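Student: give me a 3D structure for the following:
(one chain, ligands or ions: 2)
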Amino acid sequence: MSGTDGLALATRGLRKSYGSRRALDGLDLSVPAGVVYGFLGPNGAGKTTTMRVLTGLVHADGGSVEVLGQPFKRGDRRRLFEVGALVESPTFYPYLSARANLRELAASGAPVSAKRIEELLDLVGLCDRAGDKVQDFSMGMKQRLGIAAALLSDPKLLLLDEPANGLDPAGIVAMRDTLRTLASQGKTVFVSSHLLAEIQVMADVVGIIAAGKLVREGPLKELLSMQGVVKVRVRPNLVDAAIATLAPLAPVERLTETDREEGWLSVHLATDRAEEVNQKLAGDGIYASGLESGTDLEMLFLELTGGQGTSSGEGEFVGLGSPNGGQNGGAPAGKGTAA
Ligand SMILES: Nc1ncnc2c1ncn2[C@@H]1O[C@H](COP(=O)(O)OP(=O)(O)O)[C@@H](O)[C@H]1O
Ligand SMILES: [Mg+2]
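Tutor: Ligands and ions are numbered 1, 2, ... in the order given. You can find the predicted model right below:
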């Protein structure tokens with residue numbers, strides 16, 4: 001494959017159908033080495049299918065995969081020692097302790113020292129509970145033990161399918177710290193989620209997929225600082241006038257072609273300039289009945305998920321929050337901010 005230098009993982013034109021249902025439709029991913037890569041997409045987008053292809057659990061119908069600089073082919077399971085994965089929810093012996101479970105797993109693969117097992121328990125924050133039976137563990141603790149298990153062979157690449165599912169905010173923070181630590185040790189972490197908010201706190205680089213295709217990929221910071229979008233709603237009969245008014249300010253798009261009731265426009269403008277949109281419209285006697293703003297990434301993900309992909313799930317962009325805070329600007333909040 002060309003153009004894959006410095007990548008820990010690359011897919012090109014990856015395709016996979018289940019019967020007539022297309023799960024991956026020419027997926028191209030470029031995952032740089034040594035980062036936490038957030039693999040984001042709504043439910044049904046093809047994340048788990050991708051993970052299953054990457055771990056050899058299913059075969060792709062077409063396309064290519066490169067893992068750690070080498071082509072990954074059908075039957076290449078031996079190479080999976082370099083890759084740790086948590087794809088299906090981990091199964092442990094419930095009546096054994098966390099430590100004993102790791103020892104059992106280690107016994108079935110390449111030799112792992114007792115010291116390494118303690119290090120892993122420490123890394124995932126389970127030192128204090130290492131002697132407790134797994135049946136008494138919370139979901140988050142089981143997930144963390146699953147990560148420790150995936151790390152037993154000391155892989156350079158870690159694949160985690162929705163590891164934050166079902167975790168509370170504290171659990172997500174603990175997960176983020178674990179993943180960040182791994183990346184700082186030079187490992188590549190490929191982690192999926194259907195929630196933008198989760199990926200936003202964890203990832204350095206983000207890839208967004210929808211319907212089995214990549215829609216956006218790049219460093220999280222870049223994606224978040226890209227031109228913002230201000231959405232404004234005016235009466236259907238004033239849409240053309242509003243476009244004429246706003247066009248000198250920034251590029252304007254009509255969002256609702258079909259639904260004439262709504263009249264949403266999208267103005268490509270920094271989120272902290274939402275007020276100007278309002279002001280300009282009002283100056284021409286057009287009063288907005290709705291105003292929203294967010295980064296391009298947030299808007300995009302909201303469109304893909306129909307509002308299910310944010311932390312609140314309510315389609316509220318402002319105040320969604322980015323890791324360093326304040327990226328969203330100080331735009332007026334939410335729908336219904338009437339002019
Ligand atoms: N074993 C399967 N048989 C049939 N269809 C499947 C199977 N697994 C996944 N799919 C379909 O493939 C698509 C992608 O699913 P999946 O990879 O699980 O998405 P995600 O993990 O992003 O939610 C969905 O339409 C899903 O219904
Ligand atoms: Mg899935």
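Student: low-confidence ranges in the chain?
Tutor: Within the chain, the segments meeting pLDDT under 70 span 1-2, 74-80, 227, 256-262, 307-339.
Student: swap in 80 and give it another go.
Tutor: Counting by pLDDT under 80, the chain has low-confidence residues at 1-4, 73-81, 88-90, 109-110, 166, 225-228, 255-262, 271, 295-300, 302-339.
Student: which residues in it form helices?
Tutor: 47-54, 98-107, 114-123, 139-150, 169-184, 196-202, 220-225, 239-246, 274-283, 296-305 (DSSP state H).
Student: for the residue nearest the centre of the chain, list each beta-bridge partner.
Tutor: Central residue of the chain (C-alpha atoms, centre = their mean): Leu40, 2.9 Å from the mean position. Here Leu40 sits in beta bridges with Ser193, Ile208, going by DSSP bridges.
Student: list the contacts of it.
Tutor: Ser192, Ser193, His194, Leu195, Leu196, Ile199, Val206, Gly207, Ile208, Ile209, Phe301 (C-beta atoms under 8 Å, 6 or more residues apart in numbering). For the C-beta atoms, the positions are set from N, CA and C on the backbone; glycine is no exception.
Student: re earlier: switch the helices of the chain over to CSV; also include distance to ligand 2 and mean neighbour count.
Tutor: Output for the helices of the chain, formatted as CSV (distance: least, C-beta to the ion, whole Å; neighbours: other C-beta atoms under 10 Å):
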stretch, distance to ligand 2, mean neighbour count
helix 47-54, 3, 23
helix 98-107, 23, 19
helix 114-123, 25, 16
helix 139-150, 14, 22
helix 169-184, 17, 17
helix 196-202, 13, 23
helix 220-225, 21, 17
helix 239-246, 39, 18
helix 274-283, 35, 18
helix 296-305, 14, 22
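Student: of all the ones you listed, which one is nearest Lys231?
Tutor: Ranking the helices of the chain by proximity to Lys231 (C-beta to C-beta) places helix 296-305 first, at 7.4 Å.
Student: tell me if that closest one is near ligand 1.
Tutor: No - if you take C-beta under 6 Å from any ligand atom as the test, helix 296-305 misses ligand 1, and the best it gets is 11.3 Å.
Student: does Phe92 touch Lys142 like I think?
Tutor: Yes - judged on C-beta atoms under 8 Å, Phe92 makes contact with Lys142 at a distance of 7.0 Å.
Student: what touches both of these two?
Tutor: The contact sets of Phe92 and Lys142 overlap at Val134 (C-beta under 8 Å, 6+ apart).
Student: which bits of the stretch 1-150 of the chain sit near ligand 2?
Tutor: Residues of the stretch 1-150 of the chain that fall close to ligand 2, judged by C-beta under 5 Å from the ion: Lys47, Thr48.
Student: could the helices of the chain go into CSV alongside distance to Gly62?
Tutor: Supplementary listing: the helices of the chain in CSV, determined by distance: least, C-beta to C-beta, whole Å:
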stretch, distance to Gly62
helix 47-54, 11
helix 98-107, 34
helix 114-123, 37
helix 139-150, 28
helix 169-184, 31
helix 196-202, 28
helix 220-225, 29
helix 239-246, 43
helix 274-283, 45
helix 296-305, 24
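Student: quick one, which of the ones you listed gets closest to Leu160.
Tutor: Minimum separation from Leu160 across these (C-beta to C-beta) falls at helix 139-150, 6.9 Å.
Student: which residues does Val65 form a beta bridge with?
Tutor: Note on Val65: beta-bridge partners Thr11, judged by DSSP bridges.
Student: state the distance from it to Leu196.
Tutor: Val65 is 26 Å from Leu196, where distance means C-beta to C-beta, to the nearest Å.
Student: kindly report the same for Glu303.
Tutor: Distance from Glu303 to Leu196, by C-beta to C-beta: 12 Å.
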